[in-house]
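Q: Here you go, sequence then predicted model.
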Amino acid sequence: MAAAEKARHAGARVVLSIAPFTALAPADFAPVSIIVVNQHEAADLARHLGLAARGEQAVVASLARRLDRTVIATLGAEGAIAAGPEGVVRVPSYPVTPVDTTGAGDTFCGVLAAYLDEGADLRTAMAKAAVAGSLACLRLGAQPSFPMRAEIEAAAAKTLR
């Protein structure tokens, strides 16, 4: 978290993926702007923090309120959902027949961070990240499955309007 502190003090937006789930104290999230979890990690984090919410939207919203941060949960074939100061944002996934889901979450996080860094709003960044995460499921392995930007943009152009 020391690197996150330095980045935050330098004005960066810090995106933290909690995968696999790690039991962190609420204070540990101080330098973090956006927390990314999958639906199972979201439930684990909510339980860890003593939150009793049920359902993806309720869990993400309760985490965002408790941690005072934007929280994004990836939902596999159902896309992703976020809650935070922007309200609730839900984006669909790009329809694929998965070959291997290894690296899909990492792809989502990397693409999300890249688009946010370029100035995209949260909904746009999440939508492109969800497309990228889906595309990552079309190839075996982690790094070899990461799609190139042209692939992401082409797939997004077909589905995001």
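A: Received it, and whenever you're ready, just let me know what you need. Residues are numbered from 1 along each chain as shown.

Q: When you work out contacts or count neighbours from here on, use the C-alpha atoms and nothing else.
A: Noted.

Q: For Thr107, see how far away the spatially most central residue of the chain is.
A: When the chain is reduced to its mean C-alpha position, the closest residue under CA atoms, centre = their mean turns out to be Val36, at 4.0 Å. Using CA to CA, to the nearest Å, Val36 is found at 12 Å from Thr107.

Q: List the buried residues of the helix or strand bottoming out on mean pLDDT in the chain.
A: Taking mean pLDDT, DSSP states H and E as the measure, the helices and strands of the chain show their lowest mean at helix 2-9, namely a mean of 82. Of all the residues in helix 2-9, those buried under the rule 16 or more other CA atoms under 10 Å are Ala4, Glu5, Arg8.

Q: go on, stretch 24-34?
A: Phe29, Pro31, Val32, Ser33, Ile34.

Q: Need the mean per-residue confidence for that stretch.
A: Predicted confidence along stretch 24-34 averages 91 (mean pLDDT).

Q: List of residues touching it?
A: When contacts are defined by CA atoms under 8 Å, 6 or more residues apart in numbering, stretch 24-34 is touched by residues 1, 4-5, 8, 13-16, 67, 69-72.

Q: ok, Phe108 - how many residues close by?
A: Counted with other CA atoms under 10 Å, the neighbours of Phe108 add up to 28.

Q: show me where pLDDT drops low in this structure?
A: For the chain, the stretches with pLDDT under 70 are 161.

Q: Domains in it, by residue range?
A: For the chain, the domain assignment from the TED database gives the residue ranges 1-91, 95-160.
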